[in-house]
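Participant: what follows is a protein structure lacking sequence information:
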């Protein structure tokens, strides 16, 4: 008596594996850059056949190739691998540019560079006087 194993092609098996997630991400990033498999292969120093193999979820590229693929696709290796990005501190510049009022004030501040030097100093003195900590001489006056 022989044990029969159902005929499952590698492609069907790969659809249920984690590898297909990598392949889908690879294809999504490649198409977002509007490049062909051959162009990506050339940029990552591999073959078009290898790109097709990875995109169909039949296998994973070695670590050095993941880095080259990510670089060619202008994404991080973490993004390509589907790893959640770590939270990071937002810079003051990003914080200012995230709201419309901050952007408006920043543009006004940039326009100040076109003022004569004397006017620039006057604006800076005004800003300094308005942003000085309250409680010094004003607290005594009340």
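Facilitator: That came through fine. Note that the structure is predicted; figures quoted are calculated from it, not measured. Numbers count the residues shown, from 1 in each chain.
Participant: what's downstream of the helix or strand hosting residue 28, the next helix or strand?
Facilitator: Using DSSP states H and E, residue 28 sits within helix 19-32. For helix 19-32, the following helix or strand on the C-terminal side (DSSP H and E) is helix 37-44.
Participant: could you list the buried residues of that following helix?
Facilitator: Neighbour-count burial for helix 37-44, counted by 16 or more other C-beta atoms under 10 Å, picks out 37, 40-41, 44. Yep, even glycine has a C-beta here, placed from its N, CA and C like the rest.
Participant: same thing with stretch 23-31?
Facilitator: Across stretch 23-31, burial judged by 16+ other C-beta under 10 Å covers 23, 25-27, 29-30.
Participant: and the average pLDDT for that stretch is what?
Facilitator: Averaged across stretch 23-31, pLDDT comes to 92.
Participant: stretch 77-90 now?
Facilitator: Mean predicted lDDT for stretch 77-90 stands at 77.
Participant: kindly report the same for stretch 121-131.
Facilitator: So the average pLDDT for stretch 121-131 ends up being 89.
Participant: who touches it?
Facilitator: 112, 115 (C-beta atoms under 8 Å, 6 or more residues apart in numbering).
Participant: about what we covered before: can you lay out the buried residues of helix 37-44 as JSON lines showing distance to residue 132 and pLDDT?
Facilitator: Listed next are those as JSON lines, based on distance: C-beta to C-beta, whole Å; pLDDT from 0 to 100:
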{"residue": "37", "distance to residue 132": "62", "pLDDT": "95"}
{"residue": "40", "distance to residue 132": "57", "pLDDT": "96"}
{"residue": "41", "distance to residue 132": "61", "pLDDT": "96"}
{"residue": "44", "distance to residue 132": "56", "pLDDT": "96"}
